[in-house]
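> The following block contains a protein sequence and its predicted model.
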Amino acid sequence: MALPDTDVFVRLERFYDALPRPYARVEDFGGLVLFVREGEGWPYYARPRIGAETPSAADITAVRRRQRELGVPEAFEWVHETTPDLLAVARSAGLDVLLAPLLVLDPAALVPDLPVRGATISLLDPAAETYATDLAASRAVAQLAFGSPPKATPLEEVAALATETAAPVEAALTIEPAGPAERDAALETLSDALVDGFRRRAATGSYHTAVVVSPTDGILATGALMREGDVAEIAGVATLPAARGRGYASQLTAELARRALHDGVSLIFLSAGDDDVARLYTKVGFRRVGTACIAEPAATPL
């Protein structure tokens, strides 16, 4: 029996399918649809085609071949509760699958707007003269955060670090954490076309970048809100490694959720890196509803 339109998983499927379409070319491969980005920006993924049967291993192989031809990541995403049989198929086709907790905001449980230590949270203003440089700094923060595990830390600080990094605690290593100097060294010059694209999306309310800014150290954390209709996803929440453990990610996530509610969004969701991080997001006001599957080719043994 078909699920009603108000069902959260139906709404999520429509969101995942609709979000890339204005910026991508669509190619169908059996039960899968591949979104091929046109223009600059992050490459998209392949996912189940709405209304189709469970994709086959042959569908996955065909998509991977096409992704290699295009020179884009062999990336696949789907919601397990919507397409439960795809997990076994994907693994049989040589994919590693991350089972990421999928959480939805309970607006009544959203934490209050509290000050953050030594910094402020704001949305990047697409009309500001500094928009391009601030956007580049936020991207550099994300690059360093997702590429750098946290340094070794006492056990009482582990929970705080987990929410800032979305990385397993077992991966913690003793390293010098990247800070503002490394962020500035990682800055890239963004093309006018890319910046203008972000400006247009921000101006329409379909995309917002939030940042945590220190008066002395600049942008220390970042995150994005992507909206399609009355559904929005919070993604890319990242903290500069040297600034972890201060609660920035939690409050930034809450600020993005508040913005979405203010804009009339009725379904706000995110995917957590693992169960520990998911539990910490529940303290912000999110509740787990399912599992997001994020797949890529299995590593080839040396």
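Ah, there it is. Numbering: from 1, shown residues only.
> same for the helix or strand hosting residue 89, what does it pack against?
In this assignment (DSSP states H and E), residue 89 forms part of helix 86-92. Applying 3 or more C-beta pairs under 8 Å, 6 or more residues apart in numbering; DSSP states H and E, one finds that helix 86-92 contacts helix 57-70, strand 95-105, strand 286-297. Quick note: C-beta positions are derived from backbone N, CA and C, even for glycine.
> can I get those in a markdown table with distance to residue 44 and mean pLDDT?
Shown next, in a markdown table, are these (distance: least, C-beta to C-beta, whole Å; pLDDT from 0 to 100):
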| stretch | distance to residue 44 | mean pLDDT |
| --- | --- | --- |
| helix 57-70 | 10 | 98 |
| strand 95-105 | 17 | 97 |
| strand 286-297 | 13 | 97 |
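> Now do stretch 123-143: distance to the chain's middle.
Offset of stretch 123-143 from its chain centre (C-alpha atoms, centre = their mean, to the nearest Å): 17 Å.
> Could you shift the numbering so residue one becomes 430, and keep it that way?
OK, 430 is where the count begins now, so the last one is stretch 552-572.
> I'd like the mean pLDDT over the helix or strand hosting residue 682, please.
According to DSSP H and E, residue 682 maps onto helix 677-691. What helix 677-691 shows for mean pLDDT is 95.
> what's it in contact with?
534, 536, 539-540, 542-543, 545, 548, 550, 552, 592-593, 637, 639-641, 649-654, 656, 661, 663, 666-668, 697, 699, 709-710, 712-714 (C-beta atoms under 8 Å, 6 or more residues apart in numbering).
> repeat that for 6 Å
Residues from elsewhere that reach helix 677-691 (C-beta atoms under 6 Å, 6 or more residues apart in numbering): 534, 539-540, 545, 550, 592-593, 639, 641, 650, 652, 654, 661, 663, 666, 668, 697, 713.
> Can I have the buried ones of those as a PyMOL selection?
Paste this into PyMOL to select the buried members of those, with burial taken from 16 or more other C-beta atoms under 10 Å:
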select buried, resi 534+539+545+550+592+593+639+641+650+652+654+661+663+666+668+697+713
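> what about residue 457, neighbour count?
As a burial measure, residue 457 scores 12 neighbours (other C-beta atoms under 10 Å).
> Could you report the pLDDT at the closest residue to residue 693 other than its chain neighbours?
Among residues not flanking residue 693 along the chain, residue 659 sits closest, at 6.5 Å (C-beta to C-beta, 6 or more residues apart in numbering). For residue 659, the pLDDT comes out at 95.
> Please report how far residue 659 lies from residue 488.
31 Å (C-beta to C-beta, to the nearest Å).
> next one: residue 458
According to C-beta to C-beta, residue 458 stands 5 Å off from residue 488.
> Please apply the same query to residue 559.
45 Å.
> same deal with residue 633?
34 Å.
> For the stretch 530-679 of the chain, which segments count as helices?
560-576, 584-594, 609-614, 621-633, 677-691 (DSSP state H, counting those that start in this stretch).
> what about residue 440, is that helix, strand or coil?
Following DSSP: H, G, I helix; E, B strand; the rest coil, we place residue 440 in the helix state.
> these two touch, right, it and residue 661?
No: with contacts counted by C-beta atoms under 6 Å, residue 440 stays clear of residue 661, the gap being 10.9 Å.
> so how many other residues sit close to residue 710?
Residue 710 has 25 neighbours, counted by other C-beta under 10 Å.
> re the thing from before, quick one: the helix holding residue 682 to helix 560-576, angle?
Between the axes of helix 677-691 and helix 560-576, defined by axes from the mean of the first three to the mean of the last three C-alpha atoms, to 10 degrees, the angle is 130 degrees.
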